[in-house]
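**Student:** could you work out the structure for the sequence below:
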Amino acid sequence: MSQVASITLDHHHADVAQVKKIWKTFWLLSVITAIELGIGLTIYTIHKGAHPNPTLVLMFKGMVSVLTMAKAFYIVSVFMHLGDEIRNLIMTIVVPLLLFIWFIGAFLYEGNSWKNNRNTNVHTRPAIEQQQTIPAEEKGKKD
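**Tutor:** Reported below is the predicted structural model:
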């Protein structure tokens, strides 16, 4: 008979490490969420004031956006296990996502620019649109 070396895995050590990682993730996401809620209440309080400061509100909204993106990154990295994958797979997912976000921003910016130019450049409209219509009361007086 040959001696077969048995390989034993320390499952207890792996379980403890996994539980620690889950708790670390839980507390990190909880802290970020609490900060976001605090900023949201601050924005609400500023809006209820007599003279809300739009620059301060915009700064707080930017902070909430950054914190939300950090949470999304962490969730994708830990719970979707993307952090454990090879770099090429990560880039295959992240680059199209960033391009999609850029497209949305570019379309919103372009649409807003088009709307503003359309509303301010009256001289570029056709002559028919520039003519004023005569109210019905005045038509009766001229006839």
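**Student:** C-alpha only now, for contacts and for neighbours.
**Tutor:** Fine.
**Student:** helix or strand: which one has residue 62?
**Tutor:** Residue 62 belongs to helix 54-78 when assigned by DSSP states H and E.
**Student:** center of this structure, which residue is that?
**Tutor:** Closest residue to the average C-alpha location of the chain: residue 65 at 5.9 Å, with C-alpha atoms, centre = their mean.
**Student:** next one: that residue from residue 104, what distance?
**Tutor:** 16 Å (C-alpha to C-alpha, to the nearest Å).
**Student:** returning to what we had before: now the element after the helix holding residue 62, going C-ward?
**Tutor:** The helix or strand immediately downstream of helix 54-78 is helix 87-120, counting by DSSP H and E.
**Student:** now that next one against helix 54-78, angle please.
**Tutor:** On the basis of axes from the mean of the first three to the mean of the last three C-alpha atoms, to 10 degrees, helix 87-120 is oriented at 150 degrees to helix 54-78.
**Student:** please name every helix or strand in contact with the longest helix seen in the chain.
**Tutor:** For the chain, the helix with the greatest residue count under DSSP state H is helix 11-48. The helices and strands touching helix 11-48, judged by 3 or more C-alpha pairs under 8 Å, 6 or more residues apart in numbering; DSSP states H and E, are helix 54-78.
**Student:** just how off-centre is the helix it packs on within its chain?
**Tutor:** The chain centroid and the centroid of helix 54-78 are separated by 8 Å under C-alpha atoms, centre = their mean, to the nearest Å.
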